[in-house]
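**Q** What shape does this take:
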Amino acid sequence: MGEENIREVHRQLRVSQDKYTYFILAVAGAAVALAIRETHGTAITWPPSLVGLAVLSWGISFFYGCRHLEYVNSTLYANADLLKVQNGIHPQYNTSPEIALAAVEGIRDAVESNSKKAGRLARWQFRLLVIGALFYIGWHIWEMVLLALAPAK
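**A** Have a look, this model is predicted:
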């Protein structure tokens, strides 16, 4: 496989990962809106607190998704700087080979650290979306049970 093909596959993977992150962000936002709409005008009691936990989970999921994108963008920026340093065209680090080598090591460490953080945030973004859905489903089932047990009028 040629270098150009590898770049194209990597580009497509990056686009796909971004779409997935934005999809999870949209689902979390829509879920919060749905929960607010469904509970409008209801009193706070124990079962609706499950909805509160769902909204909290979705809110944190949304926050983690935004942070994930920040780390991904930071990693991409650092990768661009790394390529500039390696090709000797970075304006700050093209003076001596020793400085360039130190810059390459520092940038690689930053890229690795950012990449790990982005991965953790992405995993928790999804997990919290699912946890919120489970809380919401639990609340909904609880409401159905209460309706079934209510005396007929």
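**Q** For stretch 125-138, which residues meet the burial criterion?
**A** Applying a neighbour-count criterion of 16 or more other CB atoms under 10 Å, the buried positions in stretch 125-138 are 125-126, 128-129, 131-133, 135-136. Every residue, glycine included, has its C-beta placed from N, CA and C.
**Q** likewise stretch 87-103?
**A** Neighbour-count burial for stretch 87-103 [16+ other CB under 10 Å]: 90, 93, 100, 103.
**Q** Skipping its backbone neighbours, what lies nearest the last one in space?
**A** Nearest in space to Ala103, with sequence neighbours left out and distances taken as CB to CB, 6 or more residues apart in numbering, is Tyr93 at 4.2 Å.
**Q** quick one: contacts for the residue most central in space within the chain?
**A** Nearest residue to the geometric centre of the chain (CA atoms, centre = their mean): Gly65, 2.3 Å. Going by CB atoms under 8 Å, 6 or more residues apart in numbering, Gly65 touches 21, 24-25, 28, 121-122, 125.
**Q** and if we set it to 6 Å?
**A** Contacts were defined as CB atoms under 6 Å, 6 or more residues apart in numbering; by that measure Gly65 touches 21, 24-25, 125.
**Q** what does Leu82 give?
**A** Leu82 neighbours (CB under 6 Å, 6+ apart): Ile107.
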